[in-house]
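Colleague: what follows is a protein structure lacking sequence information:
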């Protein structure tokens with residue numbers, strides 16, 4: 001960790017950016033159960049307060065003063081939230097945002113595939129293009145017992161860096177395979193198939209199978225005609241009722257709602 005003396009020699013913007021990151025790291029350390037370094041945090045606050053390039057009043061400097069006032073009696077958990085607030089305020093003051101992958105998960109360590117509760121639920125990802133959505137689908141599938149993911153070619157590679165950042169290791173816990181439409185037809189032949197698509201049966205009334213395949217379509221085009229035909233010849237389509245103006249949900253959000261409903265359905269687990 002950089003010393004306070006060294007930190008004080010940095011140019012103003014570099015110093016403030018570094019302080020924002022150090023406050024964030026302090027928050028993470030406190031959340032993990034480490035005792036806050038109150039002397040170091042006092043020094044960070046003092047550097048921010050003494051910086052004349054920042055606004056006074058209700059901004060970051062006033063927040064630092066309040067933090068210094070309360071610091072001696074704060075628990076580690078309370079300190080974590082206060083440090084994270086200061087990090088956010090300082091980044092905002094600098095006109096910068098933290099990237100999604102800068103945020104640290106509460107859980108840590110390698111993921112253990114053996115700990116997963118797995119159901120005979122297969123997810124077909126039909127040409128979803130966004131690496132973020134691919135990663136999010138894998139993470140959701142890991143959480144709700146999906147036994148495998150089949151990606152229709154051409155597919156976005158699940159090990160794309162942005163997909164892996166979003167998946168948080170779940171690309172390695174949920175088995176997956178990339179298949180052509182023809183190979184996919186053979187793979188799921190004889191199984192119950194349904195599609196997550198607009199204009200289908202209300203998810204609250206849909207009878208989920210104990211063993212089955214759900215098809216999730218692309219962000220822009222939805223489920224392809226070939227796979228819609230397979231679904232319509234089996235269990236059909238399921239939809240999520242909405243009350244907003246947009247009329248649709250992000251594909252990973254919609255899939256999350258469906259997979260949780262399926263996982264929680266009576267006699268499924």
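Modeller: Alright, I've got the coordinates. Note that the structure is predicted; figures quoted are calculated from it, not measured.
Colleague: where do the strands of the stretch 1-150 of the chain begin and end?
Modeller: Taking DSSP state E, counting those that start in this stretch as the test, the strands found in the stretch 1-150 of the chain are 121-125, 148-152.
Colleague: and the angle from the last one to strand 121-125?
Modeller: Translated: strand 148-152. 20 degrees (axes from the mean of the first three to the mean of the last three CA atoms, to 10 degrees).
Colleague: who are the packing partners of strand 148-152?
Modeller: Counting contacts by 3 or more CB pairs under 8 Å, 6 or more residues apart in numbering; DSSP states H and E, strand 148-152 is packed against strand 121-125, helix 131-143, strand 176-179, helix 181-188. The way it works is simple: take the backbone N, C-alpha and C, and place the C-beta from them, glycine included.
Colleague: let's have the ones you listed in JSON lines, adding distance to residue 194 and mean pLDDT.
Modeller: Shown next, in JSON lines, are those (distance: least, CB to CB, whole Å; pLDDT from 0 to 100):
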{"stretch": "strand 121-125", "distance to residue 194": "10", "mean pLDDT": "97"}
{"stretch": "helix 131-143", "distance to residue 194": "16", "mean pLDDT": "95"}
{"stretch": "strand 176-179", "distance to residue 194": "18", "mean pLDDT": "96"}
{"stretch": "helix 181-188", "distance to residue 194": "11", "mean pLDDT": "95"}
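Colleague: show me the one of these that comes nearest residue 65.
Modeller: Of all the helices and strands packed on strand 148-152, it is helix 131-143 that lies closest to residue 65, at 38.8 Å by CB to CB.
Colleague: what sits up against that closest one?
Modeller: Residues from elsewhere that reach helix 131-143 (CB atoms under 8 Å, 6 or more residues apart in numbering): 111, 116, 123, 125, 128, 149, 156, 158, 160-168, 170-171, 173-174, 176, 216, 219, 250-252, 255-256, 259.
Colleague: in ChimeraX, select just the buried ones from the residues you listed.
Modeller: In ChimeraX syntax, the buried subset of those is picked out as below (16 or more other CB atoms under 10 Å):
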select :116,123,125,128,149,156,158,160,162,163,164,166,167,168,170,171,173,174,176,216,251,252,255,256,259
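Colleague: just checking, which of the contacts of helix 131-143 belong to helices?
Modeller: 161-167, 251-252, 255-256, 259 (DSSP state H).
Colleague: quick one on the thing from earlier: comparing the strands of the stretch 1-150 of the chain, which comes out most buried?
Modeller: strand 121-125 (a mean of 24; mean count of other CB atoms under 10 Å).
Colleague: kindly provide the distance from the most centrally placed residue in the chain to residue 172.
Modeller: Closest residue to the average C-alpha location of the chain: residue 166 at 5.5 Å, with CA atoms, centre = their mean. Residue 166 sits 14 Å away from residue 172 when distances are taken as CB to CB, to the nearest Å.
Colleague: for residue 161, same thing?
Modeller: 15 Å.
Colleague: one more: residue 116?
Modeller: The separation that residue 116 has from residue 172, given CB to CB, amounts to 11 Å.
Colleague: identify the residues contacting stretch 80-91?
Modeller: So stretch 80-91 is contacted by 16-17, 19-21, 23-24, 26-28, 30-31, 36, 41, 45, 48, 59-60, 63-64, 67, 70, 74, 97-98 (CB under 8 Å, 6+ apart).
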